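**Q** Got a predicted structure here, sequence first:
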Amino acid sequence: MDRKFRGISAVILIVGGLTLLSVDNQVSILNEIKFAGKLAVATRNSPTTYYEGPEGERGFEYDLVKRFADDLGVELEVTVPDSLDRLISMISNNEVHFAAAGLTITEARKQIMRFTTPYQHVTQQLIYRSKSGLARPRTITDLFNHEIEVVAGSSHAERLEDLKEKYPDLDWLENEELNSEELLDLVSENMLDYTVADSNEMAINRRYYPELRIAFNLSSKEPIAWAFPKSKDDTLFNAASIFIDNMKRNGEIERILERYYGHVMNFDYVGTRTYKNHINRRLPSYRELFEQAGKKNEIDWRLLAAMAYQESHWNPRAVSPTGVRGLMMLTQNTAKLMKINDRLDPAQSIDGGSRYIKRMINKIPEQIKEPDRIWMAMASYNVGYGHLEDARVITQIRGGNPNSWNDVKENLPLLSRKKWYQDTKHGYARGWEPVRYVENIRSYYDLLVWHTEGNERKVEPKAVAIDSPVL
């Protein structure tokens, strides 16, 4: 994409009685964007930055830059170049206004571009595969004479260059074709000894690759920021910097990070291998039933399947000590309400459970939008709608947003504390349970989307998407 953002000279733009001329009689970049009504941003296709999921465009970087575009009152135009090197050249050549791509601030990059205030920090980590026949590397010297590949032009390559000054025998390859996630896949498949990944990439991808391990950190925490071309015109850069500062100050960045990373932090990685085995062995027997129920109720069938796995691990004869049973673990009252005769029959269980969650979704107030709507509906499925409403009231009392799942899930656990539940309409509840329930389902869903789309249609895995953890 070849675009020129400068060069409109001696043009007078009057908006609301204000003249939009800069001192040198050229329209500023910021006013040019407002006049054109479009903000052009480059990014990377990655679970940590930008991807297209079942609900449309998603990703931490996308959410953040979309908010900025909305604040400016313009449309967001996203471009995904085919390599990191190409992305960086687009910035330096003024082909886009800036990059929101999870770029680490490095000394080399600061020579060719400028960065806003950091909004996230990551740590570079050496990644290896357990049970690969190689012992866990513990120092740089353990990497000598082994295959190491990193993304060409990445901060990982820069870090290895720095280390080579002290360790001359350290060698690696820079891959110009694959991205970081694909290199992780090669390590997982035992086709590559080691790679380097940022801590946020590993936090999300280790669910998909339970064999991967972190050998050691290659860096301390490093800042991530938006990258701009170097220019004498500071109008857009300053507006973006102010936006980032405000988002950090009011807690919005932390909330967006929580949305994408919060539910992966406590996920049972040991159980991931078992789950992937069940996807291959158990799910095929019920997939068509989930697909039919999903189509009938306008719910992604994989979300229904993830719910069922959380409930029963796809065991149609599962029975709990409290009497709930079947694939969807229906209670007697729910089965009666949904007119289900045999809870142990997979078709009836999936049909009844799917119609019941749809009923919960419809019950959630209209002002609550997706994806918060579905998460609250699932919390209702687990703990009851009345308790969810009590938690929303507590959330509002405590200054949170009762329409945000991220805010409500912080307050659900308070339903087990007398100080809070004694004044609620529905009283005591084990509020941690619906939080764990929903967050586990979200992770199972992510893995199932990755499995079906990544393996069947060869597209990027969907991820959902806290300051990046050092793991």
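**A** Great, that's in hand.

**Q** can we go C-alpha only for contacts and neighbour counts from here?
**A** Fine.

**Q** Strands of the stretch 51-200 of the chain, residue ranges please.
**A** Chain-ordered strands for the stretch 51-200 of the chain, with DSSP state E, counting those that start in this stretch as the definition, fall at 51-53, 56-58, 75-79, 98-104, 113-115, 120-122, 124-129, 148-151, 173-175, 194-198.

**Q** and the fourth one, which strands flank it?
**A** Applying DSSP bridges, strand 98-104 is found paired with strand 38-42 (parallel), strand 222-229 (antiparallel).

**Q** Only C-alpha atoms, please: export the longest one in PDB.
**A** Included here for strand 222-229 are C-alpha records, laid out as PDB according to Å, rounded to 0.1, in the frame of the first residue of the first chain:
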ATOM      1  CA  GLU A 222      11.100  -4.600  27.900                       C
ATOM      2  CA  PRO A 223       8.600  -1.900  26.900                       C
ATOM      3  CA  ILE A 224       6.100  -2.100  24.000                       C
ATOM      4  CA  ALA A 225       4.600   0.900  22.400                       C
ATOM      5  CA  TRP A 226       3.200   2.300  19.100                       C
ATOM      6  CA  ALA A 227       5.800   3.100  16.500                       C
ATOM      7  CA  PHE A 228       5.700   6.300  14.400                       C
ATOM      8  CA  PRO A 229       7.700   7.600  11.500                       C
END
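
**Q** quick check: mean pLDDT across that strand?
**A** Averaging pLDDT along strand 222-229 yields 96.

**Q** what about it, distance to the chain center?
**A** Centroid separation between strand 222-229 and its chain, computed with CA atoms, centre = their mean, to the nearest Å, is 19 Å.

**Q** Make residue 1 into 357 and carry on from there
**A** Will do, 357 is the new start, and the previous item becomes strand 578-585.

**Q** Check which residues of the helix or strand following it are buried.
**A** Next in sequence after strand 578-585, counting helices and strands by DSSP states H and E, comes helix 591-605. Buried residues in helix 591-605, defined by neighbour count with 16 or more other CA atoms under 10 Å: Leu592, Phe593, Ala596, Ser597, Phe599, Ile600, Asp601, Met603, Lys604.

**Q** got the strands of the stretch 407-556 of the chain as TSV, with distance to Ile696 columns?
**A** Putting those into TSV (distance: least, CA to CA, whole Å) gives the following:
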stretch	distance to Ile696
strand 407-409	33
strand 412-414	34
strand 431-435	48
strand 454-460	49
strand 469-471	59
strand 476-478	49
strand 480-485	46
strand 504-507	54
strand 529-531	55
strand 550-554	49
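
**Q** Out of these, the one nearest Ser641 is which?
**A** Counting by CA to CA, Ser641 lies closest to strand 407-409 out of the strands of the stretch 407-556 of the chain; the figure is 25.4 Å.

**Q** circling back to that earlier point, using a markdown table, please lay out the strands paired with strand 454-460 together with distance to Ile635 and mean neighbour count.
**A** A markdown table is the format used below for the strands paired with strand 454-460 (distance: least, CA to CA, whole Å; neighbours: other CA atoms under 10 Å):
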| stretch | distance to Ile635 | mean neighbour count |
| --- | --- | --- |
| strand 394-398 | 35 | 21 |
| strand 578-585 | 36 | 22 |
